[in-house]
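S.K.: after the sequence you'll find the predicted model.
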Amino acid sequence: MPSDAAIAWAAGLFEGEGTITQIKRSRAFFDLQVAMTHTDEDVIRRFDAIVGRGRIYGPYLPPSHGDRRNPFWRWMALGDAGHEVLELLGPWLLARRRAQARRQGVVLDEEAQQQI
């Protein structure tokens, strides 16, 4: 189990870089998608190790990958794994991410929110 400090770090990163949406899995079925893209592989791997769910994809090169463009990695958790990540990070997330989760049908425990 990761420490509270590690979870808080992961939540802060997700607060700034993450997204909560739905992905179409079939014609009639949508699933929760919790994702984040980052150009620093070590950062995304640390996040993945802390949350313990999801998968890292990449590296990818941006469509216009001139000398000033860095490769990026994408971390993603779908369905139940996405719910578990949000439960882990939830106490540290702020109003913007909580609202984004609610729009996707995920209600985070308000009482568990950390005092920042």
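M.R.: Ah, there it is.
S.K.: need the longest helix for the chain.
M.R.: Across the chain, the longest stretch assigned as helix under DSSP state H is helix 4-17.
S.K.: strands paired with whichever helix or strand comes after it, and their directions?
M.R.: The helix or strand immediately downstream of helix 4-17 is strand 18-24, counting by DSSP states H and E. Strand 18-24 pairs in its sheet with strand 30-38 (antiparallel), by DSSP bridges.
S.K.: can you list contacts of the strand it pairs with?
M.R.: For strand 30-38, contacts defined as CB atoms under 8 Å, 6 or more residues apart in numbering pick out 13-14, 17-25, 44, 47, 54, 72-79, 81-83, 85-86, 104-106. Glycine gets a C-beta too; all of them are placed from N, C-alpha and C.
S.K.: buried ones in it?
M.R.: Residues of strand 30-38 classed as buried by neighbour count (16 or more other CB atoms under 10 Å): 32, 33, 34, 35, 36, 37, 38.
S.K.: same check, this time on stretch 58-73
M.R.: Using 16+ other CB under 10 Å as the test for burial, stretch 58-73 gives 72, 73.
S.K.: span of that stretch from start to end?
M.R.: One end of stretch 58-73 sits 5 Å from the other (CA to CA, to the nearest Å).
S.K.: which residue comes closest to residue 94 once chain neighbours are left out?
M.R.: The shortest distance from residue 94 to any non-neighbouring residue, by CB to CB, 6 or more residues apart in numbering, is to residue 15 (6.0 Å).
S.K.: can you tell me which of the buried residues of strand 30-38 is nearest residue 6?
M.R.: Using CB to CB, residue 36 is the member of these that lies nearest residue 6, at 15.8 Å.
S.K.: ok, the nearest residue to the closest one once chain neighbours are set aside - how many residues close by?
M.R.: Closest residue to residue 36 apart from its sequence neighbours, by CB to CB, 6+ apart: residue 18 at 4.3 Å. Residue 18: 22 surrounding residues under other CB atoms under 10 Å.
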